[in-house]
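*Asks:* Provided below for reference: sequence and predicted model.
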Amino acid sequence: MQPTATRSGRAPVTWETAELEGGPADGTRVRVAGRPRVLQVAVACPVEEGASGVSVTAVSVYRRKSGPAPLRYGWDGASP
(Lines give C-alpha, C1' and ligand atoms only; values in the text may rest on other atoms or scores of the structure.)
Protein backbone atom coordinates (compact mmCIF):
# COMPACT_ATOMS: atom_id res chain seq x y z
CA MET A 1 0.00 0.00 0.00
CA GLN A 2 1.30 3.44 -0.92
CA PRO A 3 1.40 6.27 1.64
CA THR A 4 -1.28 8.93 1.25
CA ALA A 5 -1.72 12.49 2.43
CA THR A 6 -4.97 14.42 2.51
CA ARG A 7 -5.13 17.97 1.22
CA SER A 8 -7.80 20.22 2.65
CA GLY A 9 -10.99 19.74 0.65
CA ARG A 10 -9.30 17.61 -2.02
CA ALA A 11 -8.85 13.96 -2.81
CA PRO A 12 -5.99 12.19 -1.03
CA VAL A 13 -2.57 12.26 -2.71
CA THR A 14 -0.85 8.90 -3.19
CA TRP A 15 2.94 8.95 -3.22
CA GLU A 16 5.09 6.24 -4.74
CA THR A 17 8.82 5.69 -4.99
CA ALA A 18 10.54 6.03 -8.36
CA GLU A 19 14.16 5.42 -9.33
CA LEU A 20 16.14 7.66 -11.67
CA GLU A 21 18.35 5.88 -14.22
CA GLY A 22 21.37 7.37 -15.98
CA GLY A 23 22.70 10.91 -15.96
CA PRO A 24 23.84 12.86 -12.91
CA ALA A 25 21.12 11.48 -10.61
CA ASP A 26 21.59 7.80 -11.52
CA GLY A 27 20.29 5.54 -8.74
CA THR A 28 18.51 8.33 -6.87
CA ARG A 29 15.15 7.33 -5.43
CA VAL A 30 12.41 9.96 -5.18
CA ARG A 31 8.75 10.05 -4.17
CA VAL A 32 6.26 11.25 -6.78
CA ALA A 33 2.50 11.74 -6.85
CA GLY A 34 0.38 11.12 -9.92
CA ARG A 35 3.15 9.55 -12.04
CA PRO A 36 4.27 12.71 -13.88
CA ARG A 37 5.66 12.08 -17.37
CA VAL A 38 8.76 14.24 -16.82
CA LEU A 39 10.93 15.08 -13.81
CA GLN A 40 13.45 17.92 -13.73
CA VAL A 41 16.59 17.55 -11.62
CA ALA A 42 18.64 20.64 -10.72
CA VAL A 43 22.22 20.51 -9.44
CA ALA A 44 23.99 23.62 -8.15
CA CYS A 45 27.32 24.35 -9.87
CA PRO A 46 30.18 26.03 -8.03
CA VAL A 47 31.20 29.43 -9.40
CA GLU A 48 34.67 30.97 -9.51
CA GLU A 49 35.71 33.71 -7.13
CA GLY A 50 34.61 37.14 -8.24
CA ALA A 51 31.24 36.00 -9.57
CA SER A 52 29.37 38.17 -7.09
CA GLY A 53 25.66 37.40 -6.76
CA VAL A 54 25.72 34.74 -9.47
CA SER A 55 24.46 31.19 -9.12
CA VAL A 56 24.49 28.50 -11.78
CA THR A 57 22.31 25.40 -11.89
CA ALA A 58 22.66 22.42 -14.23
CA VAL A 59 19.25 21.05 -15.26
CA SER A 60 18.61 17.45 -16.32
CA VAL A 61 15.37 15.95 -17.59
CA TYR A 62 14.17 12.44 -16.73
CA ARG A 63 11.25 10.84 -18.60
CA ARG A 64 8.94 8.15 -17.21
CA LYS A 65 9.71 4.70 -18.59
CA SER A 66 6.95 2.28 -19.49
CA GLY A 67 6.95 -1.26 -18.25
CA PRO A 68 6.36 -3.24 -15.10
CA ALA A 69 6.95 -1.94 -11.58
CA PRO A 70 8.93 -0.42 -10.04
CA LEU A 71 8.36 3.07 -11.40
CA ARG A 72 11.47 4.34 -13.23
CA TYR A 73 12.55 7.50 -15.01
CA GLY A 74 15.35 7.52 -17.59
CA TRP A 75 17.74 10.39 -18.23
CA ASP A 76 17.08 12.28 -21.46
CA GLY A 77 20.51 13.55 -22.44
CA ALA A 78 19.12 15.27 -25.54
CA SER A 79 16.80 17.59 -23.58
CA PRO A 80 17.93 21.12 -22.89
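*Replies:* Nice, I can see it. Numbering: from 1, shown residues only.

*Asks:* helix/strand/coil for the spatially most central residue of the chain?
*Replies:* The chain has Leu39 as the residue nearest its centroid, 4.1 Å off, counting by Cα atoms, centre = their mean. Secondary structure, DSSP: H, G, I helix; E, B strand; the rest coil: Leu39 is strand.

*Asks:* the closest residue to it other than its chain neighbours: neighbour count?
*Replies:* Spatial nearest neighbour of Leu39, chain neighbours left out: Tyr62 (4.5 Å); criterion: Cβ to Cβ, 6 or more residues apart in numbering. Heads up, the C-betas are built off the backbone N, CA and C, glycines and all. By the criterion of other Cβ atoms under 10 Å, Tyr62 has 26 neighbours.

*Asks:* next SSE downstream of the strand or helix carrying Tyr62?
*Replies:* Using DSSP states H and E, Tyr62 falls within strand 56-64. As assigned by DSSP H and E, the chain's next helix or strand after strand 56-64 is strand 71-75.

*Asks:* what mean pLDDT does that following strand get?
*Replies:* Mean pLDDT, strand 71-75: 98.

*Asks:* do stretch 47-58 as well
*Replies:* 90.

*Asks:* same question for stretch 23-40.
*Replies:* Mean predicted confidence for stretch 23-40 is 97.

*Asks:* quick check: the gap between Glu16 and Ala44.
*Replies:* Between Glu16 and Ala44 the distance is 27 Å, computed by Cβ to Cβ, to the nearest Å.

*Asks:* how far away is the residue in the chain sticking out farthest from the centre from Ala58?
*Replies:* Using Cα atoms, centre = their mean, the residue of the chain lying farthest from its centre is Gly50. It sits 31.6 Å away. Applying Cβ to Cβ, the value for Gly50 to Ala58 is 21 Å.
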